[in-house]
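1. I need the structure of the sequence given here:
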Amino acid sequence: MFPATVALLALAAVTVLGQSVTRIDQEPVGSLQCNGEAEYTVTEEEISRLIFANPVAVNYKADIESLTMGSLSNSNTTNCRARHLDGKLVIATKFQDCGFTLKSDGSNHSMAYSNRATVAVRLPAPFSHLLRRKTFVVPVECVVSGTAEVIINTQWFPQFYITVPLVQTVRVPINAKIRKEHRDEAYGERDVYVNILTVELEGVYAQQFNILGRRIYTTPQADPKSLPLTDFVTNGCPSYPNFSTITTVGTEKIVYEILDFALNVSNSYFFHVEVSICPKSIAGQQGHCEPDICLPAGGLTRGKRNTGFNMNNTSSFGGASAPQQMSPYGEPRLTIGADGIPILKSRPQG
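-> Numbers count the residues shown, from 1 in each chain. Here you go, the predicted structure:
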């Protein structure tokens, strides 16, 4: 909602493997986004540039031991420790964790959170097979204003698997993540919690492909056929628009928001996401991969997809989240019974 991508490295000159490496003050290293929580992302290539003046030319490779938000002592704390994800490292944590400090600006009602990311690497020592450890500290800061409170940190889907290949050899990484957020008001209700699922293409893939949302559903087990099964998005359209929304960002990102709910038959549940990708352009073809439009179906809550793209040009992907629980605060008004149909309880009077 209010992203800021500021991560500054302030190093003068250091000697690494006999080379003098000079860093320019205020050079961006990675990005810190603030939208209810702190999410720091840095690529392995960017970390290499912290170490080597020209990592390709010198042909050295560092083993990244850890990336920790705050001091190195936080490396044993799960929320402060980065995880590897398709050639990058990511950390998502709450502002009250991992040593963030807050400065408020009363003039424009904004807040600035600052911290440092600590990168520990192992480098080959000159003329030997030994490894030596080196630590880099990267100051990070972001400015945020008026954001909602994140109750459960962002969790990345363990994996996304291809179901119908566009090209047998293609491997397009898809970034899928979920978090739970508190809202003062949403879907006509006050003091509620919302599940936010984000699915996106990144980097060069966002320039080459479009992503098309297909289906979002939940099951009580990781098995996609376990029951009860509840479809929140079908054929790219919200099945229950009274408590779910879909937002597309360009042609490379889809954000799904679903009111928090509880299952009567289980204390936990899994989100399953199905998407398709297709090339932005194919020689001799025009308009084969245009964004889809949801149309109402006869005034009913369910919609149908108006699409003009050729399914022969698409690849389908799917993935399941880690097990999810309802918000630890309060009881969701939305419940799902054994038949898989969501029921919204009446609003309490008074």
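
2. care to break this structure down by domain?
-> Domains of the chain are assigned by automatic domain parsing as 6-144, 149-344.

3. what mean pLDDT does the longest one have?
-> Domain 149-344 shows a mean pLDDT of 79.

4. same for the longest helix along the chain, what does it pack against?
-> Secondary structure of the chain per DSSP state H: the longest helix is helix 44-51. Here helix 44-51 touches helix 55-58, strand 63-69, strand 88-93, strand 110-124, strand 131-144, going by 3 or more CB pairs under 8 Å, 6 or more residues apart in numbering; DSSP states H and E. C-betas here are computed from N, CA, C, even on glycine.

5. I'd like to know which of these is closest to Ala38.
-> Evaluated over those, closeness to Ala38 peaks at strand 88-93, with 5.5 Å, by CB to CB.

6. Any buried residues in the following helix or strand past that closest one, and which?
-> Scanning forward in sequence from strand 88-93 by DSSP states H and E, the next helix or strand is strand 101-105. Neighbour counts over strand 101-105 (16 or more other CB atoms under 10 Å) mark no residue as buried.

7. Packing partners of strand 101-105?
-> Using 3+ CB pairs under 8 Å, 6+ apart, strand 101-105 sits against strand 110-124.

8. how much does the strand it packs on deviate in direction from strand 63-69?
-> Counting by axes from the mean of the first three to the mean of the last three CA atoms, to 10 degrees, strand 110-124 points 160 degrees away from the direction of strand 63-69.

9. who does strand 110-124 pair up with?
-> strand 63-69 (antiparallel), strand 101-105 (antiparallel), strand 131-144 (antiparallel) (DSSP bridges).

10. May I have stretch 249-258 as CSV, with CA atoms only?
-> Below are the C-alpha coordinates for stretch 249-258, written out as CSV (Å, rounded to 0.1, in the frame of the first residue of the first chain):
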residue,chain,number,x,y,z
VAL,A,249,-1.4,-4.9,-10.8
GLY,A,250,-0.4,-4.6,-14.4
THR,A,251,-0.2,-8.0,-16.0
GLU,A,252,2.3,-9.5,-13.6
LYS,A,253,0.6,-9.5,-10.2
ILE,A,254,-2.7,-10.5,-8.7
VAL,A,255,-3.8,-9.7,-5.1
TYR,A,256,-6.6,-11.7,-3.6
GLU,A,257,-8.3,-10.6,-0.3
ILE,A,258,-10.7,-12.9,1.6
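
11. Now tell me what touches that stretch from outside.
-> Under the contact criterion CB atoms under 8 Å, 6 or more residues apart in numbering, stretch 249-258 has outside partners 186, 194-202, 205-206, 209-211, 213, 216, 232-233, 243-248, 275, 280, 291.

12. buried set for it?
-> Buried residues in stretch 249-258 (16+ other CB under 10 Å): 251-254, 256-258.

13. Which of the residues in stretch 86-97 are classified as buried?
-> Quick answer for stretch 86-97 (16+ other CB under 10 Å): 86, 88-95, 97.

14. so where do the helices sit in the stretch 101-250 of the chain?
-> For the stretch 101-250 of the chain, the helices defined by DSSP state H, counting those that start in this stretch occupy 204-208.

15. I'd like the distance between Gly30 and Ile47.
-> 8 Å (CB to CB, to the nearest Å).

16. Look at those two and report which has more neighbours.
-> Using other CB atoms under 10 Å, the more surrounded residue of Gly30 and Ile47 is Gly30, with 24 against 21.

17. lowest-confidence stretch among the strands paired with strand 110-124?
-> strand 101-105 - the lowest mean pLDDT of these, at a mean of 79.

18. Can I get it as CSV, trimmed to CA atoms?
-> What follows is strand 101-105 as a C-alpha-only set of coordinates in CSV (Å, rounded to 0.1, in the frame of the first residue of the first chain):
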residue,chain,number,x,y,z
THR,A,101,13.2,1.6,15.7
LEU,A,102,10.4,4.1,15.0
LYS,A,103,10.5,7.8,14.3
SER,A,104,7.3,9.8,13.8
ASP,A,105,6.9,12.9,11.7
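
19. Other residues contacting it?
-> Taking CB under 8 Å, 6+ apart as the rule, strand 101-105 contacts 95, 110-115.

20. Could you find which two of those are furthest from each other?
-> Taking CB to CB, the two most distant members of the contacts of strand 101-105 are Ser110 and Asn115; they sit 17.0 Å apart.

21. the more surrounded of these two?
-> Using other CB under 10 Å as the criterion, Ser110 and Asn115 rank with Asn115 on top: 24 against 14.

22. beta partners of the more buried one?
-> Beta-bridge partners for Asn115, by DSSP bridges, are Val140.

23. Give me the local confidence score for it.
-> The score at Asn115 is 92. That number is its pLDDT.

24. So it sits against Met69, correct?
-> Yes. Here Asn115 reaches Met69: they are 6.0 Å apart, a contact under CB atoms under 8 Å.

25. so what's in contact with the two at the same time?
-> Common contact partners of Asn115 and Met69 (CB under 8 Å, 6+ apart): 38, 98-99.
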